[in-house]
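> dropping a prediction and its sequence here:
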Amino acid sequence: MATVGVLPKREFPCDSSSVSAPTSGRVGSSVRNLDVHVAGWLVLGAAFIVIGVIWDISWHITIGRDTFWTPAHLMIHLGGSLGGFLSGFICLDATFFRRKAWEDRVIQVWGFRAPFGAWICIWGAGAMLTSAPFDNWWHNAYGLDVKILSPPHMVLALGMHGVVAGAFLLASAARNRARERGELSPARWYAVGAQGVQLAFASILISELTAPNLQHTGRFYIASAIVFPALLTAAVVTHPFKWGATRVCLVYMALILGMMWLLPLFAAEPKLAPVNNRVDHMVPSAFPLLLIAPALVLDLSLGWLRNRRGWGWTALLVVASATLFLGVFLAVQWSFSQFLISPSADHWFFSGHGRFIGYQDHRNEWQERFWDRHDLLNLSSLRTAWWTAILSSLVGCLLGRFATRVRR
């Protein structure tokens with residue numbers, strides 16, 4: 001297997017007028033455009049997956065799982081199949097039809113040729129398809145899921161992440177090649193969209209720890225520190241323009257808010273016992289986390305460090321990113337969660353005060369209180385969250401810099 005092609009280690013200026021001269025014109029415009037268009041469709045397929053996952057969670061806590069062939073499941077696998085089909089098409093085209101045109105942007109695996117992002121998408125789509133019969137058997141054997149991350153859902157989650165990550169890598173490679181040619185490609189916006197979808201997907205995976213009534217606990221901030229600093233730091237480092245992390249967060253909020261506002265418009269009722277909370281419409285998700293606040297601060301504070309190299313600059317970027325994220329996120333989310341569990345948030349816009357509680361749970365006075373009071377945030381858990389955020393930011397910095405150099 002060939003190694004992944006990357007751009008030389010050099011700084012990427014934000015001004016497109018200062019980009020190096022165009023490279024050799026060996027690649028035809030038809031292949032170049034195909035590459036960019038496929039990246040856009042892959043991002044759309046990744047968005048279908050996230051929409052389907054939010055819909056599926058609402059289906060489970062509103063109706064209960066009555067069949068595998070629910071619309072939500074079909075939406076999820078439509079997104080995965082779209083990514084796998086288009087990536088497979090690129091692989092066949094590069095392997096059998098236009099080998100010469102693709103030669104500087106593909107890697108070879110077992111005699112087949114495709115960009116690195118396309119290979120990740122193909123693997124992710126295959127994992128998603130494998131998880132489908134596994135998930136169906138699991139439900140027939142054990143009934144409803146107790147947790148979001150059941151064994152078949154873990155396989156599905158890995159596959160979905162593969163499709164999303166593949167879309168991001170394909171878009172990033174197309175963007176980087178366009179910058180080498182001195183061009184502005186729509187692929188730069190597809191990369192933003194892919195990272196926004198990644199952020200939404202990550203928030204869903206830890207949603208059992210991030211309900212508004214849990215947002216004063218230590219494990220909420222530790223779980224957030226594991227996931228979000230990596231994605232936000234990568235967004236700051238990856239994109240050559242200003243407000244990269246902020247734009248990624250806007251995509252995340254648009255996906256979550258759109259589904260949160262749309263789902264309750266449809267009537268539904270539980271079909272499985274026990275019914276402890278009588279619902280008559282699709283239950284929405286909780287209001288998205290206010291990641292937009294730390295994203296704004298990171299963009300304003302760390303943009304000048306984006307192109308700095310050396311371990312000293314990297315350490316400064318990582319520690320500053322972790323500290324700013326945790327400080328700003330704690331300040332805004334701690335107060336906002338108090339509002340979300342209050343009667344003032346019992347409104348379609350905020351979906352608070354227990355509106356996100358499913359039919360098997362109870363809506364009573366506990367919906368206005370913070371749960372797990374034995375795990376309230378303290379100095380020890382805050383210290384753990386800070387060190388965790390540093391490690392997460394380091395991973396995000398390394399992955400973000402890789403994304404600025406990948407070209408195959």
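Looks like it came in fine. Numbers count the residues shown, from 1 in each chain.
> let me see the domain layout of the protein.
Per automatic domain parsing, the structural domains of the chain span 27-205, 208-242+249-408.
> phi and psi next, for Arg369.
Dihedral pair for Arg369: phi -120, psi 160, per degrees, to the nearest 10.
> what sits against it?
If a contact means CB atoms under 8 Å, 6 or more residues apart in numbering, then Arg369 has Asn213, Ile341 as its contacts. (Each C-beta comes from the backbone N, C-alpha and C, glycine too.)
> for it, give me the pLDDT.
Note for Arg369: predicted pLDDT of 86.
> Leu296 now?
96.
> pick out the shakiest of the domains of the chain, pLDDT-wise.
For the domains of the chain, where the average pLDDT is lowest is domain 27-205, sitting at a mean of 82.
> and among the domains of the chain, the most buried is which?
Most buried of these, by mean neighbour count (mean count of other CB atoms under 10 Å): domain 27-205, with a mean of 20.
> scan the chain for its longest helix.
helix 29-62 (DSSP state H).
> now for the next helix or strand after that one, which elements pack on it?
Where DSSP states H and E defines the elements, the next helix or strand beyond helix 29-62 is helix 71-92. On a contact count with 3 or more CB pairs under 8 Å, 6 or more residues apart in numbering; DSSP states H and E, helix 71-92 meets helix 29-62, strand 112-114, helix 116-142, helix 151-180.
> dump the ones you listed into a markdown table; add distance to Val237 as well.
A markdown table is the format used below for those (distance: least, CB to CB, whole Å):
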| stretch | distance to Val237 |
| --- | --- |
| helix 29-62 | 20 |
| strand 112-114 | 26 |
| helix 116-142 | 18 |
| helix 151-180 | 12 |
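> the ones you listed: which one's closest to Pro284?
Among these, helix 29-62 comes nearest to Pro284, with 6.9 Å by CB to CB.
> the helices and strands packed on helix 71-92: which one's closest to Arg98?
With CB to CB as the measure, helix 29-62 is the member of these nearest Arg98 (6.2 Å).
> tell me how far the closest one lies from the chain's centre.
Its chain's C-alpha centre and that of helix 29-62 lie 11 Å apart, by CA atoms, centre = their mean, to the nearest Å.
> just stretch 80-93 next, same as before
Using CA atoms, centre = their mean, the offset of stretch 80-93 from its chain centre is 21 Å.
> then that stretch to CSV, C-alphas only?
Output in CSV follows, covering the C-alpha atoms of stretch 80-93 (Å, rounded to 0.1, in the frame of the first residue of the first chain):
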residue,chain,number,x,y,z
GLY,A,80,-23.6,5.7,3.8
SER,A,81,-24.5,4.1,0.5
LEU,A,82,-24.1,7.4,-1.3
GLY,A,83,-20.6,7.8,0.1
GLY,A,84,-19.7,4.2,-0.7
PHE,A,85,-21.1,4.3,-4.2
LEU,A,86,-19.5,7.6,-5.3
SER,A,87,-16.1,6.6,-3.7
GLY,A,88,-16.4,3.2,-5.5
PHE,A,89,-17.1,5.1,-8.8
ILE,A,90,-13.9,7.1,-8.3
CYS,A,91,-11.9,4.0,-7.6
LEU,A,92,-13.1,2.3,-10.8
ASP,A,93,-12.5,5.4,-12.9
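> neighbouring contacts of it?
With contact meaning CB under 8 Å, 6+ apart, stretch 80-93 is reached by 34-35, 38, 41-42, 44-46, 48-49, 102, 112-115, 117-119, 121-122, 124-126, 128-129, 159-160, 163, 166-167.
> residue contacts, the nearest residue to Val164 once chain neighbours are set aside?
Nearest non-adjacent residue to Val164, counting by CB to CB, 6 or more residues apart in numbering: Ala46, 4.3 Å away. Listed by CB under 8 Å, 6+ apart, the contact partners of Ala46 are Gly79, Gly83, Val163, Val164, Ala167, Ala194, Val197.
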